[in-house]
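> Test case, fold it:
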Amino acid sequence: MKVELRLNGGWLSLTVRDNGCGLPPGGRNKYGSFGLVGIEERIVILGGTCAVFNEPDGGTTVMVSAPVVGGPDLALPQPQEHGSGSAVI
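Numbers count the residues shown, from 1 in each chain. Here you go, the predicted model:
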């Protein structure tokens, strides 16, 4: 599984990819399945977009983007080298 989170030009984007078997046709709209449909509904309310598709070689990709509005200026923390930083135990 690969997860990417990006902040660019006032938009926050999340991409999740896996290498599973993909979604069956109509799989996101089957009775009792609300996960992806619920995410899409909420993102649209925020003025964003949601795309879900199967990869040709297997797996599924979910891409979600939404505008960031209000609040302080956001900056994603930069990844740290392994073993750097501090911890409270």
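> Gly22: what's it in contact with?
Residues in contact with Gly22, defined by Cβ atoms under 8 Å, 6 or more residues apart in numbering, are Asn54, Glu55, Gly58, Gly59, Thr60. (C-beta placed from N, C-alpha, C; glycine too.)
> Helix, strand, or coil at it?
Recorded secondary structure, Gly22: coil (DSSP: H, G, I helix; E, B strand; the rest coil).
> Now it. Nearest residue, chain neighbours left out?
Asn54 (3.8 Å; Cβ to Cβ, 6 or more residues apart in numbering).
> do Ala66 as well
Spatial nearest neighbour of Ala66, excluding adjacent residues (Cβ to Cβ, 6+ apart): Gly48 at 3.2 Å.
> which ones are touching that neighbour?
With contact taken as Cβ under 8 Å, 6+ apart, Gly48 is in contact with Trp11, Val64, Ser65, Ala66, Pro67.
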